[in-house]
Each structure stands twice: as structure tokens, then as C-alpha cells.
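J.: kindly return the folded structure for what I paste below:
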Amino acid sequence: MFYLKRFMLKKHTYYALSLTIFLFSCSCSKIFSQGTYIPLDAETYHMIDRMDIRYGRILNMPHTSSKPFLRADVARAAEKLKVSNIKVNKRTAREIDYMMDDNAEWLDSTKSRNPRPIWLFRQGSKAAFYREPATMAKVDVKNFNLRFNPIISFRAAGESAQGGLLMVNTRGIDLRFNIKKVVSGYFMFTENQTKAPGYVRSSYLRDSVDSREFNPGEAYWKEYNSKYFGITNGVDFFQTRGYININVLDYFNITFGHDKNFIGNGYRSMFLSDNSAPYLFLKLNTRIWKINYQNIFCELTNQYQRGSDKLLPKKYGAFHHLDVDITRWLNIGLFEGTIMNRSNNFELQYLNPLIFYRAIEQSLGSPDNSLLGLDFKLNLFNHISAYGQFALDEFNFKRLVSKQKWWGNKYALQVGLKYIDIIPNLDAQFEFNYARPYTYSHYATANGTANYTHYNQSLAHPLGANFTEVIFIARYQPAKRFFMTFKYIFSTYGEDTIDHANNVVTNFGGNIFTSTTPITVINAAGQYIETGHKSQQGALAKQNYVDIRFSYMFWHNVYADLNLLIRSKTSSYKPYSNSTTYFGVGLRMNIPYKEYVF
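T.: Numbers count the residues shown, from 1 in each chain. The predicted structure follows:
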């Protein structure tokens, strides 16, 4: 009986703790208004990056390595720049207006004159819709405000690798509210039918060897076929996100809900990215003086084989990230994350917000997968931002200096550079990412494995491990509402080989889902041995990814997109080689552009 009570306590402590913190927060009398978060979107966050690089020394900007950003922080920084006597160019002035319109509930004294959709609003009228450029419908009364927007996205496309229509068809709603500038909430729901390019379906939706099928960036899905559109092998899925956000005692922010998080300043993150599906989390953020400290406790879905409906296996994560503004132009951060694999209960010792997780993990017998990290951001000359991350999974200094290429020296790194206004209206970003074989992986137990994954997807980089990647992105705005984006990614990575006759996968360290122990690793020479492991061992793949997109913004967050994608993969194991050219055209409203960048 004692054991049963103890088990039930552990099983429900995570949820009870979340409810307790929520109720405590509501009872606090001194609370600083902050609101909801700006959804993760490359277009909006690039504008914020530009403002941080150019004016971060004089504005009170968010700590940019902890994403998403609070709407109030961005709105007030933009408003401060708007009313200052600082001279800005036309592009920056438009971006300031965009950020103020997008977060208008935090700017009581500023009224936008930017255009609304003409069929729903006439300037100066008392129309029911679009009284603000960024909001279809709103409620503003004493101690309460609410913003509502529709979500629409439709894209038709085709590719050279196969015939037939490719498509994105999304409809939904986006809603956020604030009560007494104390408690804020966000809810987003969409219903989607998509047919992705062939390289997505062949590599991820139809993996017959280990059955780790998944829909990139999303959770549950089912097959979609349409006689009307002539579509087979598409996917149909719901996308839903929501959370409650509360601020306590001026310095503490508490969020409980279902969404994604991102830690870092790069296009990718080697710590925690938005690559995987949304997940349930409790986030505590403390900001005081020059310090920002963030704790994330989350419930994740362990790897599983897709089949009939069933309760999916769980695992849990605990992450914390501390970053400090050493100066106005230099930020240094420390990261630690642990994935724990338990039988449907959170390990209570990781709930301590001020603890060294690796020490706790060792005291428990080292059953979990811990990751340590260091990151930095350096803004220079009002045009340049240099950034980087180093993630350490396992490490043995003696084996490292002996140059034995021991399999257990597992780490990943990132270095990058952003350069804004190289010439007027042209920005560029360069990034290098690298991960040793077997990084992020872990050994299996009776309950599953504590690898660095969620819902059959990597929590960090989409390539997993055993890769080198170079990214170049150029963004150009030749006219007021016209945007051009060029993206080139070159990656080399080692893949596992497959004996289809015997259904056997050889583990070279790229597949982080494979259980990893000293007797299961295979080095570059094909030996079951702990040493001799080099980067990109296994079936060597060389991949070129070129993406060119032209976008025109008719009104706030209403876009027309024209997209050309060329992807070519050459592998030393010929069945893995493939290439395609993809062309798409679409319209979208209040939703980021859907893409598969791997």
C-alpha cells in the first residue's frame, strides 16, 4: 500500500505543482504586465534581430537567446524607438510600425494609420472588423482585452520527382487575451491537409525499417487522400497550441501550456529548437538586472511505432538556461538539459530550479541523458551579430587528447554571423553546425530510451548527429511590401546502412533513436569497437538545398508567396540518393510559411 501511494504521488506531482504555482500566481498583488508570446516566425523574428543589432545598445531589448519573446517587450522597444529623435531609414520605420501594429494592445497611446483589408474597413468608420491593422476583431474594455484573427493558408505546388498536385490547405483561428494586465492567455487551432515534397514522405513518413513515421514539426496525423484534388499519400492533422501566462513580483514570469520553445540565436539550435512537435511544459522565467534565467519542465512523447490508436509512451525533460548581458553588446549563456525516462512519472529531484542537473543525474545512478552547453552573442558596429553554441553530451579528456576517436566523446557546436544592411535593404546570415557521431543518443531500458527526442523527432537539429552543415541566408527587400529570401544549405552526414534481407540497421551514429552502448557502436572501419569513430562515418551523404522565395504582403500578415526549391542528395549508398525541384504558389494569412528545411 505504501508503494502504491508513493507511485501515485509521483505520477501526479508534476500536474499538482503546476496548478499550485498557477493559483499562487493569481493571488499575488504586485504583478508586472507582459502578455502573450510572439509565435515563432522567421519573418517577424528577423525584424526583431535587426532592431537588436542596430539599436540594442540603447533599447531595453529581450534576451534574444530565449524564444519566443513576450509581446509587451517587443512593443515597448519599438515604441521607444518610434518616439525617440533617432533617425531611421524607411525600412526600419516600416518594421517599427509592423511590430507596434502586431502588438497594439500594449500601446495605449499609439494609434496606427497603416492600411487594413479594404473590403472590411474604411478609414474613419466605426467598422466591426479591422479597427487595428493586425486584428480582425477585438474587445477592449476595462481590465480586459481580446484579439481574434483567422488563419488561412493555401498553396498549390508540383515537383520534378513525381507527378500530381502537392498542397498546403490550412484553416483555423488565433486568439489571445489579457485580464487586468495580470493574466494572459493564448489559443491557436488549425485543421490541415498537406502533401509534402517526395523527400519528406520517402524519408520520414514511410520508413519501413524502424517504423518511426512522423509529420515534421507536428504531432498526431492520419493519411489523407482526395479524389477531388487527385491526392494520395497526403497527411491530415490538427495543430493546436495554448497556454496561460502570469507575471509575479515584477521579475518572475510563469507559463503553463502546450507549445514550442527555442534556445539560441541561430537558424538552428544545438540546445533546444522548434524542430519537433509542440509539447506540454511549465516555464519559469526570471529577469532581473542583466540576468535572464529560464527553467522548462516538460512532458515528452517517447519514440514509438505508429499503428492503431493507443496511449503513447512518455518521458520527461528538464532544461535551464542562464544568460547574462556582460555589456550592452556581449551576452554569455549557460545551458543544461536532462531527458529522463521513467514509467509515467517525473523525477522530483529535477524540479529544483537552482541545481546542477548532472550532479543529480549521477546521484540517481546515471540513468538519464544530460547535456551541458555554453552560448554567446556579440553585437558589433551596429551591423553585425556573431553568435555560437557548444553542447557537450559526454566527454573524457584523457581519451580526447589521446586521439583515439572514442565514441563516447559526444558534442555539437555552432558558430554564426548575421550582417544587416550590407547594402541598403540587404541582410545576410552565415551559420556552421557540427555534431559528432552518437551525440544526443542514449541507451535503451525496459521503459524505452532517454534520447534527445520528442514525438519521433529531434529536439535539437533535424539531422540528429554525425553531420556537418553550412547555412547561408540572404534577405532583400527591394520595395515597400516585397520580400526576397535566398537560402542555401550544404550538409554532409553519415547514415546508417540497412540490410533489408535481414531487417538489420548498422549503427554509425547518425540515428539518435538507436540504442547506443559500447557494444552497439560501429566505427568508420566497420568494427564493433569503441575507438576509431570519425565525423560523417557510415554511408556518406552530400546534400545541397537551395530555396528561393518571393513574398508580397498586401496587408498586415497577408502574404502571397512564390517559391522555388532545388534539393539534391548524393549518397555513397546509392538507394539513398535522390533529387527534386519544387515550385509552389500560395496565399496565407496570420501564419508562418510552411517549409521542410533539411
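J.: give me the neighbour count for Ile263.
T.: By the measure other C-beta atoms under 10 Å, the count of residues near Ile263 is 25. No exception for glycine: its C-beta is placed from N, CA and C like everyone else's.
J.: is it true that it touches Ser65?
T.: Yes. With contact defined as C-beta atoms under 8 Å, Ile263 reaches Ser65; the gap is 6.1 Å.
J.: now do the shared contacts for these two.
T.: His321, Asp375 (C-beta atoms under 8 Å, 6 or more residues apart in numbering).
J.: Ala42 - nearest residue in space that isn't next to it in sequence?
T.: Closest residue in space to Ala42, ignoring its immediate chain neighbours: Pro592 at 6.8 Å, by C-beta to C-beta, 6 or more residues apart in numbering.
J.: which residues sit in contact with the one you found?
T.: Residues in contact with Pro592 (C-beta under 8 Å, 6+ apart) are Pro39, Leu40, Asp41, Ala42, Glu43.
J.: which SS state does it fall under?
T.: Here Pro592 is recorded as coil under DSSP: H, G, I helix; E, B strand; the rest coil.
J.: report pLDDT for it.
T.: At Pro592, the model reports a pLDDT of 95.
J.: Lys487 too?
T.: Note for Lys487: predicted pLDDT of 98.
J.: so which elements touch the strand or helix carrying it?
T.: Assessed by DSSP states H and E, Lys487 sits inside strand 482-495. Where contact means 3 or more C-beta pairs under 8 Å, 6 or more residues apart in numbering; DSSP states H and E, strand 482-495 is packed against strand 467-479, strand 539-555.
J.: so in terms of bridging, what pairs with Thr468?
T.: Counting by DSSP bridges, Thr468 forms beta bridges with Tyr434, Thr492.
J.: quick check: it touching Ile489?
T.: No. Using C-beta under 8 Å, Thr468 makes no contact with Ile489, being 11.3 Å away.
J.: which of these two has more neighbours?
T.: Ile489 (21 against 16).
J.: quick revisit: tabulate the helices and strands packed on strand 482-495 (TSV), appending distance to Thr497 and mean pLDDT.
T.: Below are these laid out as TSV (distance: least, C-beta to C-beta, whole Å; pLDDT from 0 to 100):
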stretch	distance to Thr497	mean pLDDT
strand 467-479	16	97
strand 539-555	5	96
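J.: so for Glu495, which of those strands sits nearest?
T.: strand 539-555 (4.5 Å; C-beta to C-beta).
J.: flag every buried residue along that closest one.
T.: With burial defined by 16 or more other C-beta atoms under 10 Å, the residues of strand 539-555 counted as buried are Ala539, Leu540, Ala541, Gln543, Tyr545, Asp547, Arg549, Ser551, Trp555.
J.: swap in stretch 248-259?
T.: Within stretch 248-259, the residues that count as buried by 16+ other C-beta under 10 Å are Val248, Phe252, Asn253, Ile254, Thr255, Phe256, Gly257, His258, Asp259.
J.: Glu361: what secondary structure?
T.: Following three-state DSSP, we place Glu361 in the helix state.
J.: hmm, back to that, for the buried residues of stretch 248-259, which one is nearest Phe271?
T.: Closest to Phe271 out of these is Asp259 (16.9 Å), distances taken as C-beta to C-beta.
J.: my guess is that closest one meets Leu280, correct?
T.: No. Asp259 is beyond contact range of Leu280, at 9.1 Å (criterion: C-beta under 8 Å).
J.: before we move on, back to that, just the contacts of Pro592: which are in helices?
T.: Ala42, Glu43 (DSSP state H).
J.: export the contacts of Pro592 to TSV and tack on neighbour count and pLDDT?
T.: What follows is the contacts of Pro592, written out as TSV (neighbours: other C-beta atoms under 10 Å; pLDDT from 0 to 100):
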residue	neighbour count	pLDDT
Pro39	18	95
Leu40	17	93
Asp41	14	90
Ala42	16	89
Glu43	16	90
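J.: from the contacts of Pro592, pick the one nearest Ser363.
T.: Nearest to Ser363, judged by C-beta to C-beta, of those is Leu40 at 35.3 Å.
J.: might one say that that closest one is in contact with Ser269?
T.: No. Using C-beta under 8 Å, Leu40 makes no contact with Ser269, being 11.1 Å away.
J.: any residues in contact with both of the two?
T.: Residues touching both Leu40 and Ser269 by C-beta under 8 Å, 6+ apart: Phe262.
J.: quick one on the thing from earlier: for the strand holding Lys487, buried residues please.
T.: Phe483, Met484, Thr485, Lys487, Ile489, Ser491, Thr492, Tyr493, Gly494, Glu495.
J.: who's in contact with the second one?
T.: Looking back up the chat, that one is Met484. With contact set as C-beta under 8 Å, 6+ apart, Met484 has these partners: Arg475, Tyr476, Gln477, Pro478, Ile548, Arg549, Phe550, Ser551.
J.: switch to 6 Å and redo it
T.: Counting by C-beta atoms under 6 Å, 6 or more residues apart in numbering, Met484 touches Tyr476, Phe550.
J.: now do the first one
T.: Taking C-beta under 6 Å, 6+ apart as the criterion, Phe483 is in contact with Gln477, Ser551.
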